[in-house]
Every structure is written in C-alpha cells, then in structure tokens.
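Engineer: heads up, no residue letters with this:
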C-alpha cells in the first residue's frame with residue numbers, strides 16, 4: 001500500500017509538471033521583469049524538475065545554477081501542499097499507511113532541492129545564494145507551519161496515535177507514529193488560533209535571524225586579513241606555515257607578502273607558534289571579537305532576539321524555558337540533569353586548568369613577562385611546555401599525517417571493524433574542484449552508499465567541520481535506497497612543495513566526521529526521517545566521537561601514520577611521547593568547551609526576556625561559573641553558530657555527554673581487542689544501522705550490556721586526578 005500511495009504522488013507530479021508556468025503564477029514568482037516565455041525556459045532547463053540522469057543518482061551539480069533554486073523550492077512547496085491536502089481530506093478512516101506513511105513520503109521535490117540548496121549555502125555559497133536563502137526561509141517556515149497547524153491533518157495523525165496499541169505496528173512503525181504525533185504537538189497543533197498566529201510569526205522571524213547570524217560569521221571571518229610585510233614578524237612559525245601564509249597572500253594578489261586569516265587552519269597555528277606576543281594579541285582580538293564590532297555584521301542583537309523568541313515559543317507551547325522544550329526529546333530529558341552533569345565535570349576541569357595556567361605563568365616569567373596569563377598566551381606556551389616536559393612538538397607529528405595517510409587510516413579502520421571498502425569515482429559531478437567522491441561497499445562488493453569529501457577552507461565555506469547528506473537512506477518495498485553522504489571540513493591545505501599535512505587535532509576531526517558519515521552510510525531502516533543521524537542530539541555524537549579513539553590509539557597509529565617523504569612508520573619513541581602527554585592540556589580544552597556549554601544553557605534556561613547585549617550576558621554567565629580570565633569560551637556568544645545558527649541550542653553539552661558513551665564503548669574494545677569482530681558487529685547492528693528507530697539508551701545497552709560509566713571519560717581527560 002505504501003508503494004501504491006507513492007506511485008500515486010509520482011503520477012500527480014508528472015501531471016502537475018505540465019502546468020509549471022501556471023503554478024508559478026499561483027505562488028507569485030512571475031514579475032514584470034520576467035515574461036512568460038523566459039519563465040517557461042527556466043522550468044524547461046531546471047534540473048531539479050526531472051529525474052537525475054547521473055551516476056548513482058547524485059545531484060547534477062554541473063547543471064545546477066543559482067536561478068534554479070527558488071523556482072524549484074516554490075514548486076516543491078506547492079506540490080507538498082497539494083499532497084498534504086489529499087491526506088487531510090481523505091474520506092477513508094485514518095490508518096498508519098494513509099496518514100503517517102503518506103505524510104512521511106510527501107514533499108519529495110522540496111526535500112530534493114532544499115537538501116542541495118542548504119548544503120551548498122554552507123559549503124560553497126555566494127551573495128546570490130545567501131539572498132535566495134533570506135527570501136525562501138520565511139516561505140519554508142510558513143509552509144511547515146501550514147502542515148503542522150493543519151487541524152484536519154492533526155486529527156488524522158492523533159486518531160492513528162490513539163489507536164496504536166490495536167494496529168500491530170513494528171517497533172520502527174511505532175517510533176515513526178510517535179515522532180510524527182509529537183512533532184505536531186511540539187509544533188503547536190494543540191494551540192488556539194490566536195496562539196497559532198503568534199507561533200507562525202515567531203517561526204518566521206527565527207528562520208531569518210538564525211540564517212543571518214551564520215551569514216554574519218562568514219562575512220566577518222572573510223573580511224579580516226592581517227598582511228605581514230616583513231618575514232621577521234613571523235618568527236617562531238615553522239617554515240611550512242610561513243609558506244602557507246605566502247600562498248594565501250599570493251591567492252589574494254599580495255605577492256611577496258604573508259597573510260594570516262581568521263580561518264582556524266591559519267589563525268590557530270599562528271597563535272601556537274608565533275613568538276611575537278603583540279601580534280598574537282592583535283590577531284587573537286580580531287578572532288574573538290568577530291561579530292562584536294558594532295558593524296553590520298554584529299550579532300549582539302541577533303543572539304538576544306533569537307533567545308527571546310525561543311523563550312516566547314517555548315512558553316506558548318507550555319514549557320517554562322526553551323531548554324525544557326528541547327531536552328524533553330533528548331537522552332538527558334531535563335535542564336537540571338544537564339547542569340548536574342556539567343557541574344560534575346567543571347570542578348576537576350577548572351582545577352586542572354589552574355595548574356596548567358600556573359605552569360604557563362612560570363614560563364612567561366622566565367621569558368621576562370610579568371603580565372597575567374592571557375588567552376593569546378595559552379596555545380603558544382602550551383606548545384613550549386609540551387616540548388619541555390614531554391619532548392614533543394606538534395610539528396614533529398605533521399609529516400606523518402598527510403591527507404593520503406590519514407585517509408588510508410580511516411579506510412583501514414572501517415575495513416577492520418565493518419569490512420567496508422572505498423573506491424574513488426571520478427565520473428560523478430561535484431560542486432567544487434576540491435571535492436572527491438567515493439563509492440562505499442561491503443567486502444563482497446554490495447553497494448552501501450556514496451560519500452563526498454570536501455576538506456579545505458575557502459571564502460565560500462563556513463568554518464568548522466560537519467557531516468550532511470544529499471539523500472538519506474530509506475526502503476521502498478523492502479529494497480534499501482542507498483544514501484549519499486558528505487563530510488565538509490576546513491583542514492590545512494597543501495602547498496606548492498608539500499601535500500596537506502594535518503595537525504593531530506585535524507586528524508581526530510577527520511575521524512570524528514567520518515564516524516558521522518558511517519552513521520548515515522550504514523543506516524538500514526525503512527523510513528528516512530528515522531535513518532542515520534536522525535537521533536537525539538546528545539546521542540548523535542557517539543558514532544563520531546568513538547571513531548576518534550581509533551585515530552589516536554598507538555596500535556592504530558602504527559598502521560597508518562607514515563612519513564609523507566620516506567614512508568617511514570611513526571617511530572615508537574614518538575608514540576611514547578604522545579602517550580606520555582596524553583592528558584596534557586585537557587584542563588584548558590575541557591574548560592573552554594564546558595564554558596560554552598554553560599553559556600548555551602544560560603541563554604536557553606531564561607524565564608524572562610533578555611535585554612542588553614549578548615556580550616554582556618556572556619560576561620555575567622562566565623563570572624557565575626568562575627571561569628578564569630585567561631580562558632574564554634570555545635565559542636563566544638557572538639559567533640556561537642552551533643546554538644544560534646545550527647541545531648545545538650540547549651544541546652551543546654551533547655559532545656561531552658556522548659563522550660561518556662564513546663569512552664565507555666571504546667573501553668569495551670580495549671578489554672578484548674581494538675577490532676573485536678563481535679563488538680564491532682554489535683556496534684554496527686545495534687547503533688549505526690538503527691538510526692532513530694529505538695530509544696538511544698536501549699540501543700546502547702544492547703551493544704554494551706549495561707548503561708555507561710563516566711570513569712573512562714574522567715581517566716581519558718586526566719580529570720580523575722587533576723593534580724597530576
């Protein structure tokens with residue numbers, strides 16, 4: 001019956017396509033500047049409005065133009081509106097198939113085009129794309145409200161939900177029915193007409209504000225560059241970083257100079273190695289003051305407005321705070337549970353960071369600097385202390401971590417754990433020349449999915465690293481529809497003389513994002529809204545973070561860390577240095593992270609609207625937890641894209657919550673072997689393949705046999721004995 005319904009909509013789509021021009025008239029896209037003939041031409045050439053004729057059914061990036069997005073999005077909205085009307089007005093009694101599954105399968109075109117559009121807006125944007133995003137955001141928000149505030153539709157969903165015990169549903173079907181019903185309730189289906197109107201306005205405002213917040217960060221980051229005209233100002237930087245700065249300058253038309261930007265791959269190495277304290281301060285101030293400069297890209301007002309609108313929305317829906325609303329659907333369940341967990345880690349982490357600060361202060365005094373330790377001193381002096389205490393320098397490691405070596409390491413781990421094979425395919429269209437594409441198969445050659453990988457920073461790409469998808473895994477009549485997954489990063493670029501050589505942090509980030517990719521690639525469920533990473537926010541980081549453990553394990557490092565020039569395997573002596581320094585710097589790393597997690601919770605546990613600036617609110621928040629002045633939150637309020645432009649509001653704690661799960665899970669492997677086939681199979685079948693079809697803790701216990709312990713996390717970070 002599911003296939004018949006799907007086929008019905010396919011027939012309706014073909015019929016509707018005959019009248020594209022008139023549909024455009026109905027959504028108001030025809031203007032005086034665009035005549036009917038031109039609009040027909042746009043539709044005839046729009047690649048979103050026909051079946052993709054590409055290898056593996058990937059988006060035809062080589063054919064997609066900016067002008068195609070908005071018409072296709074509006075057509076997608078129109079089609080889903082018609083599909084939803086058919087479901088809502090169905091004269092037959094509501095059933096799981098004709099209501100829940102029908103709704104799940106609606107909006108195929110809108111999903112098809114918006115997936116590409118928003119991925120490109122993050123990874124390869126431009127001013128025109130950003131303007132389109134600003135235009136369509138409120139339209140998509142209104143469309144979603146029209147679905148979830150549809151009384152007839154909700155009545156049918158509610159009827160199915162109330163009858164669930166008599167419907168003989170599978171576990172996955174029960175979860176889909178539950179999530180569908182809750183999505184309506186949590187989207188305001190039970191509100192009065194007056195409150196529904198208020199909610200629509202809030203959602204529309206939030207759609208625009210969160211988009212603007214992220215655009216401001218990208219613009220502010222791209223607008224800054226520090227031009228060095230004399231090489232001696234770069235004293236302390238390794239030669240390859242100086243070369244990279246020269247090539248950045250050359251790319252900006254500044255031959256013979258050196259340029260430091262605010263992309264992490266540029267600014268962080270500079271802060272780590274530059275012996276020029278005044279210049280470190282200048283560049284650090286530019287970095288930490290992004291979107292807090294009182295200019296057109298300032299995010300102070302945006303952060304306050306977003307927080308207040310989220311509070312207003314939560315109150316409308318019957319919740320005291322936005323955090324209560326969000327966490328109801330998480331593993332943690334409540335703000336109180338999250339705060340208890342964060343406080344449990346804060347005290348030992350802060351104690352350890354103060355010990356690290358004292359060591360830095362001692363070395364600064366030895367250098368003749370009597371000032372207090374400043375945030376721009378941490379990375380520089382931490383590197384010097386690591387050299388002094390452990391005879392280890394970051395630069396010693398990088399030659400062993402070329403892009404090819406680390407990629408081979410990732411593939412090797414996936415093969416040993418799950419039997420996965422990776423083959424690069426070059427006939428597949430991509431959205432940028434930097435992007436590579438890989439077919440992922442089982443050992444027997446069975447196709448599992450496709451993986452796009454995009455590694456290097458550019459002005460058109462937002463900062464950070466993330467996993468996304470162009471097609472989520474699902475099933476039709478029991479046949480698995482393979483996913484198309486992508487990971488996007490901002491790693492150190494190759495230079496004219498050397499391949500891309502990664503820092504140790506970039507290595508772990510690569511493995512981290514690949515863990516997310518596996519969650520999407522190995523998914524094996526029926527409904528796409530339950531597949532892959534469609535799980536609670538504080539569970540989604542388990543598959544990613546557990547992979548980091550293999551990245552840094554000495555046994556695994558010997559398998560893939562090879563010198564890019566000689567092919568020499570990383571020496572045992574260097575591995576011993578890594579192990580000896582394993583918990584060094586974890587006070588700083590944990591504190592700067594936890595500070596952001598507390599800041600996120602403070603913004604979203606408000607019970608009354610905020611006034612003033614986001615920067616001032618942050619200052620008060622950090623004072624409350626006793627953050628030492630020499631450390632700032634990893635993400636300051638004005639560029640905290642995770643929570644104000646992404647999906648992590650009241651959820652940034654998730655990384656360390658999942659850290660408990662991942663260290664506990666890896667500890668199970670360590671007790672037997674790193675590639676224990678039984679445990680690997682359990683992790684694959686009970687977690688990676690299951691997506692959001694069951695409760696996360698139940699899935700974890702099926703793998704582990706019990707709930708996790710926090711002790712492995714404390715030990716890994718050296719927080720069980722912070723004085724050491």
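Structural biologist: Looks like it came in fine. All values reported here derive from a predicted model rather than from experimental measurement.
Engineer: Okay, strands next: where are they in the protein?
Structural biologist: Assigned by DSSP state E, the chain shows strands spanning 225-228, 258-261, 421-424, 436-441, 447-454, 466-471, 474-476, 479-481, 484-488.
Engineer: Nearest to residue 589, out of those strands?
Structural biologist: Taking C-beta to C-beta, strand 466-471 is the member of the strands of the chain nearest to residue 589, at 20.1 Å. Bear in mind the C-beta positions are built from the backbone N, C-alpha and C, glycine included.
Engineer: how distant is that closest one from the center of its chain?
Structural biologist: Remark: strand 466-471 is offset 9 Å from the chain centroid, using C-alpha atoms, centre = their mean, to the nearest Å.
Engineer: residues of that strand that come out buried?
Structural biologist: Neighbour counts using 16 or more other C-beta atoms under 10 Å place 467, 468, 469, 470, 471 of strand 466-471 among the buried residues.
Engineer: And those, which two are furthest apart?
Structural biologist: Farthest-apart pair in the buried residues of strand 466-471 is 467 and 471; separation 13.7 Å (C-beta to C-beta).
Engineer: sorry, back to before: would you turn the buried residues of strand 466-471 into TSV with pLDDT and distance to residue 183?
Structural biologist: Compiled in TSV, the buried residues of strand 466-471 are given as follows (pLDDT from 0 to 100; distance: C-beta to C-beta, whole Å):
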residue	pLDDT	distance to residue 183
467	98	23
468	98	21
469	98	19
470	98	23
471	98	21
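Engineer: and those as CSV, adding distance to residue 720?
Structural biologist: Listed next are the buried residues of strand 466-471 as CSV, based on distance: C-beta to C-beta, whole Å:
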residue, distance to residue 720
467, 31
468, 36
469, 38
470, 43
471, 44
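Engineer: how close does the most centrally placed residue in the chain sit to residue 649?
Structural biologist: Residue closest to the average C-alpha location in the chain (C-alpha atoms, centre = their mean): residue 466, at 4.0 Å. Counting by C-beta to C-beta, to the nearest Å, the separation of residue 466 from residue 649 is 16 Å.
Engineer: same check, this time on residue 394
Structural biologist: Per C-beta to C-beta, residue 394 is found 34 Å from residue 649.
Engineer: And for residue 397?
Structural biologist: Residue 397 sits 36 Å away from residue 649, taking C-beta to C-beta as the criterion.
Engineer: neighbour-wise, which of these two wins?
Structural biologist: Counted by other C-beta atoms under 10 Å, residue 397 and residue 649 do not tie: residue 649 has more neighbours, with 24 against 20.
Engineer: got a list of what that one touches?
Structural biologist: The neighbours of residue 649, taking C-beta atoms under 8 Å, 6 or more residues apart in numbering as the test, are 310, 322, 326, 600, 603, 604, 643.
Engineer: Now tabulate the residues you listed in CSV and tack on neighbour count and distance to residue 524.
Structural biologist: What follows is the contacts of residue 649, written out as CSV (neighbours: other C-beta atoms under 10 Å; distance: C-beta to C-beta, whole Å):
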residue, neighbour count, distance to residue 524
310, 25, 35
322, 26, 34
326, 23, 28
600, 27, 33
603, 28, 37
604, 25, 34
643, 27, 32
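Engineer: Going by distance to residue 342, which of the residues you listed wins?
Structural biologist: Distances from residue 342 to the contacts of residue 649, taken by C-beta to C-beta, are shortest for residue 600, at 10.0 Å.
Engineer: wait, doesn't that closest one sit right on residue 650?
Structural biologist: Yes: between residue 600 and residue 650 there is a contact under C-beta atoms under 8 Å: 6.5 Å.
Engineer: shared neighbours of these two, which are they?
Structural biologist: Common neighbours of residue 600 and residue 650, using C-beta under 8 Å, 6+ apart, are residue 643.
Engineer: quick one: low-confidence parts of the stretch 601-724 of the chain?
Structural biologist: Flagging of the stretch 601-724 of the chain using pLDDT under 70 yields the residue ranges 721-724.
Engineer: all helices of it, in order?
Structural biologist: In the stretch 601-724 of the chain, the helices defined using DSSP state H, counting those that start in this stretch lie at 614-625, 641-644, 654-670, 677-683, 696-704, 711-716.
Engineer: Mind listing what's buried along the fifth one?
Structural biologist: The neighbour-count check on helix 696-704 (16+ other C-beta under 10 Å) flags 696, 699, 700, 703, 704 as buried.
Engineer: Residue 683 and residue 187, how far apart?
Structural biologist: The spacing between residue 683 and residue 187, counted by C-beta to C-beta, is 34 Å.
Engineer: Among the two, which residue is more densely surrounded?
Structural biologist: When residue 683 and residue 187 are compared for neighbours, residue 683 comes out ahead with 26 against 19, by other C-beta under 10 Å.
Engineer: Quick check: the more buried one touching residue 703?
Structural biologist: Yes: using C-beta under 8 Å, residue 683 makes contact with residue 703 at a distance of 5.5 Å.
Engineer: Quote the end-to-end distance of stretch 664-681.
Structural biologist: End-to-end distance of stretch 664-681 (C-alpha to C-alpha, to the nearest Å): 17 Å.
Engineer: Distance from the chain centre to it, please.
Structural biologist: Worked out by C-alpha atoms, centre = their mean, stretch 664-681 lies 26 Å from the chain centre.
Engineer: Stretch 617-626 too?
Structural biologist: On C-alpha atoms, centre = their mean, the centre of stretch 617-626 falls 26 Å from the chain's centre.
Engineer: Now do the buried residues in that stretch.
Structural biologist: Neighbour-count burial for stretch 617-626 flags 617, 618, 621, 622, 625 (criterion: 16+ other C-beta under 10 Å).
Engineer: can you name the farthest residue from the center of the chain?
Structural biologist: What lies farthest from the middle of the chain is residue 368; by C-alpha atoms, centre = their mean that is 42.6 Å.
Engineer: ok, so what distance separates that residue from residue 277?
Structural biologist: Relative to residue 277, and taking C-beta to C-beta, residue 368 is found at 11 Å.
Engineer: One more: residue 662?
Structural biologist: Distance of residue 662 to residue 277, computed by C-beta to C-beta: 37 Å.
Engineer: Of those two, which one has the most company?
Structural biologist: residue 662 (25 against 16).
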